[in-house]
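1. give me the fold of what follows.
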Amino acid sequence: VPKTATYRKKLQRNAEACTQLLKKGIPFPQPLFVGRDFVIETHLQGNPISDVSLSLAENRAVYFRVGRILRKLHSIHRKGFGEILPNGNGRYSDWKSVLRKGIRSTLRVFSKEKFLSQEDFERMKTILQDLSYNGAGCLLHGDIKPVHLFVHRKKLSGIVDASDFLVGDPMYEFGEIQLQ
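-> Below is the predicted model of the structure:
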């Protein structure tokens, strides 16, 4: 994937967001330098939870902590929705516009590859187009999955990968987790 000046700006904005999160006590690596197509961050102790053997109780404790961190992250409100702009706010005026952008490309693939019957395709299109959110946009990680959750000594040490941060509906975060 070619890295552009736009990509570098996105990395810079996300590095700034990580710095703000650290100030609020949300465990992310501290960005030290943003290059053309990379970010150098402080070391986060531990390993991804997907690589660690935990008991059921330890696993639940880690995910409970993740939930508390997400609640803190989602309490950070921004104006707008979608991709984070240089001013820290979202690009779009409403959440539906963000979803519509993603839905269009998904529906094109579904239609082209004929993954669904025409009837199911039309139902899905109607359901997706009716999605709306009337609350304030909040900061979302946008890519919570086991490989991004670091565990050290059987406790959550932090969350990595801020490249998909966006402003939106907190329920989107949980839908993304479910799809992972």
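2. CA-only coordinates of stretch 80-97 in CSV, if you can.
-> Extracted as CSV, the C-alpha positions of stretch 80-97 are listed here (Å, rounded to 0.1, in the frame of the first residue of the first chain):
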residue,chain,number,x,y,z
GLY,A,80,-18.5,15.5,13.8
PHE,A,81,-18.1,11.9,12.9
GLY,A,82,-15.7,9.6,11.0
GLU,A,83,-12.1,10.2,10.2
ILE,A,84,-10.3,12.5,12.6
LEU,A,85,-9.4,15.9,11.0
PRO,A,86,-6.4,18.0,12.0
ASN,A,87,-8.7,20.0,14.5
GLY,A,88,-9.4,16.7,16.3
ASN,A,89,-13.0,16.5,15.1
GLY,A,90,-14.7,14.1,12.7
ARG,A,91,-14.9,14.8,8.9
TYR,A,92,-18.7,14.3,8.5
SER,A,93,-21.7,16.1,10.1
ASP,A,94,-23.6,12.9,11.0
TRP,A,95,-22.9,9.3,11.7
LYS,A,96,-25.1,8.1,8.9
SER,A,97,-22.8,9.7,6.3
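3. enumerate every residue touching Gly168.
-> By C-beta atoms under 8 Å, 6 or more residues apart in numbering, the contact set of Gly168 is Phe81, Gly82, Gly90, Trp95, Val98, Tyr133, Gly137, Cys138, Leu140. Heads up, the C-betas are built off the backbone N, CA and C, glycines and all.
4. again, only using 7 Å
-> Phe81, Gly82, Trp95, Val98, Gly137, Leu140 (C-beta atoms under 7 Å, 6 or more residues apart in numbering).
5. what's the closest non-adjacent residue to Gly158?
-> Spatially, and ignoring its direct neighbours in sequence, Gly158 is nearest to Pro27 (3.6 Å; C-beta to C-beta, 6 or more residues apart in numbering).
6. can you show me the strands along the chain?
-> 31-34, 39-41, 47-48, 77-78, 81-84, 90-92, 137-140, 149-152, 155-159, 166-168 (DSSP state E).
7. got the ones you listed as CSV, with distance to Arg71 columns?
-> Below are the strands of the chain laid out as CSV (distance: least, C-beta to C-beta, whole Å):
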stretch, distance to Arg71
strand 31-34, 23
strand 39-41, 24
strand 47-48, 22
strand 77-78, 13
strand 81-84, 19
strand 90-92, 20
strand 137-140, 10
strand 149-152, 15
strand 155-159, 13
strand 166-168, 15
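8. which of those strands sits closest to Gly102?
-> Of all the strands of the chain, strand 81-84 sits nearest to Gly102, with 9.6 Å by C-beta to C-beta.
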